[in-house]
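Q: Please work out how this folds:
(2 chains)
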Amino acid sequence: MKTIKAIIIDDEEGARRLLKNALEEHNTNVEVLQTCANVPEGVLAINQLEPDVVFLDIEMPMYSGLELLGFFKEISFEIIFVTAYNQYAVQAFEVSAIDYILKPIRLDKLESAIEKLRARLAIPNMSKKLETLKSNMSSDRIEKIAVPVSDGLIFIKVSEICHIEADGSYSTLSLLHGNDILVSKKLKYFEAILEDNTDFYRVHRSNLVNIQNIQKYNRHESNVLMENGSIVKVARDNKAAFEKRLKALHT
Amino acid sequence: MNPHFVFNALNSVQDLILQKDIRNSNIYLGKFADLMRQTLDYSQKNTISLNQELDTIKLYLELEKLRFGEEFSFEISSTLDAEELQNKSIPSLLLQPYIENAIKHGLLHKTGDKKLTINITKVNNKLQIAILDNGIGREQSKVINARREQNHTSFAMKANEQRLKLVKESLDIDISLEIIDLQPSGTKIQFTFN
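A: Here you go, the predicted structure:
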């Protein structure tokens, strides 16, 4: 069995030692290369040691574990969250974690996470991405999504989104409250994340709207007025299907 | 009490177990059980004695210390005598959320020594309870919260404010609260029982 190279990032010394002990005592064939007490230290260690997996705590000083990915252009490692809460679980999948382990650690859960990790490490890169999407879709309905911005990640309640507009390889999130957010992700990305959320409908090649935040649908003009005042065009070809979808709301 | 605390405390005990430190595993498991028992018990009551409140706080802080290690220290001091502490009744579990807040938003982000102090005094015959931390302070904490979460609303603090209001209306205990920024860093929360 190939040895898996790991890094642990957790601000608590006891928690780092605990996980290291658990991994070693259980013959998981995971070698802990280094343990780090915060995200910046972790970033350095990852760049230097190129681990297969990072065991990542979420609630930490200064930078939360969820902000780790903001430090990398390309992610060449897998993530397993080790956390005291599960409220971040869905978000954890959102940043493509393989699994999450709740504290205190159950050894069977740790073993199954390592098994999953082994399976994942055995497949090449492209198919991994697809799997991430799949796990997003099969997870419970997402309430918040993590959006990468220049200095980290921001978390946006799905119900706050009025519509998402494509702009080349960028997308603009138009929200119920607050300013628009420009994200360097294609509209397709959001469409995939929100695929199992029936509130979102692609009314146009360049627009995904949240049906819950529509104020008025204007049939003649073929557009919708959103709760935040913005107007979104509905493609003529989509009108019939869209109206059918709207009707389903009343029944 | 934040669920995060509960699971982290259990995690700290698990660390002792895996280190095969049987003595401390037992001690801290016992402390954890006592804290849970008291919290469940007191949450059914409107008021408890100041003494009981401080005992609970002590357990809570001991478990936090197990988690944070050597860098974390706490001190509880009082100018009241044992009888006064026994006789003074205060709204149950009043202090814990504020202490948790001081740790989560102030001390957690600080590097180096993290100190929490609780001072109990009488000024003009009015009971005063102060919670001091040498953490990063409110301004810096705001910056971190803003970056982490776009619409950060301080749920705990709002709930705490409402509690003080309710306490005044229903129990007729008038407590005023003052928050003071400390130099060079840190925050002081001061309750005055009017």
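
Q: Does anything pack onto the top helix by length along chain B? Which helices or strands?
A: In chain B, taking DSSP state H as the definition, the longest helix is helix B:22-42. Helices and strands touching helix B:22-42, by 3 or more Cβ pairs under 8 Å, 6 or more residues apart in numbering or on different chains; DSSP states H and E, are helix B:3-18, helix B:50-68. Every C-beta, even on glycine, is put in place using the N, C-alpha and C of the backbone.

Q: again, only this time at 10 Å
A: helix B:3-18, strand B:47-49, helix B:50-68, helix B:96-101 (3 or more Cβ pairs under 10 Å, 6 or more residues apart in numbering or on different chains; DSSP states H and E).

Q: between that helix and helix B:3-18, how many degrees?
A: Using axes from the mean of the first three to the mean of the last three Cα atoms, to 10 degrees, the inter-axis angle of helix B:22-42 relative to helix B:3-18 is 160 degrees.

Q: Which positions within helix B:22-42 qualify as buried?
A: For helix B:22-42, the neighbour count (16 or more other Cβ atoms under 10 Å in any protein chain shown) marks B:S25, B:Y28, B:L29, B:K31, B:F32, B:L35, B:Q38, B:T39, B:Y42 as buried.

Q: Give me the contact list for that helix.
A: B:1, B:5-6, B:9-10, B:12-19, B:21, B:48, B:52-53, B:55-60, B:62-63, B:66, B:91-93, B:96 (Cβ atoms under 10 Å, 6 or more residues apart in numbering or on different chains).

Q: Tabulate the helices and strands packed on helix B:22-42 (CSV), appending mean pLDDT and distance to A:N21.
A: Below are the helices and strands packed on helix B:22-42 laid out as CSV (pLDDT from 0 to 100; distance: least, Cβ to Cβ, whole Å):
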stretch, mean pLDDT, distance to A:N21
helix B:3-18, 92, 5
strand B:47-49, 95, 39
helix B:50-68, 96, 16
helix B:96-101, 93, 28
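
Q: need these in CSV with mean neighbour count and distance to chain A, can you?
A: Formatted as CSV, those follow (neighbours: other Cβ atoms under 10 Å in any protein chain shown; distance: least, Cβ to the nearest Cβ, whole Å):
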stretch, mean neighbour count, distance to chain A
helix B:3-18, 21, 4
strand B:47-49, 17, 27
helix B:50-68, 20, 6
helix B:96-101, 19, 13
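
Q: Identify each buried residue in the longest strand seen in chain B, please.
A: Secondary structure of chain B read by DSSP state E shows that its longest strand is strand B:114-123. For strand B:114-123, a neighbour-count test (16+ other Cβ under 10 Å) marks B:K114, B:K115, B:L116, B:T117, B:I118, B:N119, B:I120 as buried.

Q: buried ones in the helix or strand where B:V143 lies?
A: Element membership for B:V143, per DSSP states H and E: helix B:137-148. By 16+ other Cβ under 10 Å, the buried positions in helix B:137-148 come out as B:G137, B:Q140, B:S141, B:I144, B:R147, B:R148.

Q: Low-confidence bits of the stretch 51-200 of chain A, can you list those?
A: Per-residue confidence for the stretch 51-200 of chain A (pLDDT under 70) gives these ranges: A:86-96, A:124-142.

Q: residues from it in reach of chain B?
A: A:57-64, A:66-67, A:82-87, A:102-107, A:144, A:147, A:149, A:151-157, A:160, A:175, A:177-178, A:181 (Cβ under 10 Å from any Cβ of the partner chain).

Q: Which of those residues fall in helices?
A: Cross-referencing these against helices under DSSP H gives A:L107.

Q: Can you say which of the residues of the stretch 51-200 of chain A next to chain B are buried?
A: By 16+ other Cβ under 10 Å, those give A:57-64, A:66-67, A:82-85, A:102-105, A:144, A:147, A:152-156, A:160, A:175, A:181 as buried.

Q: Could you point out which residue ranges in chain B have low pLDDT?
A: Checking chain B against pLDDT under 70 turns up B:149-156.

Q: Show me the residue at the heart of it, geometrically.
A: B:I99 (2.4 Å; Cα atoms, centre = their mean).
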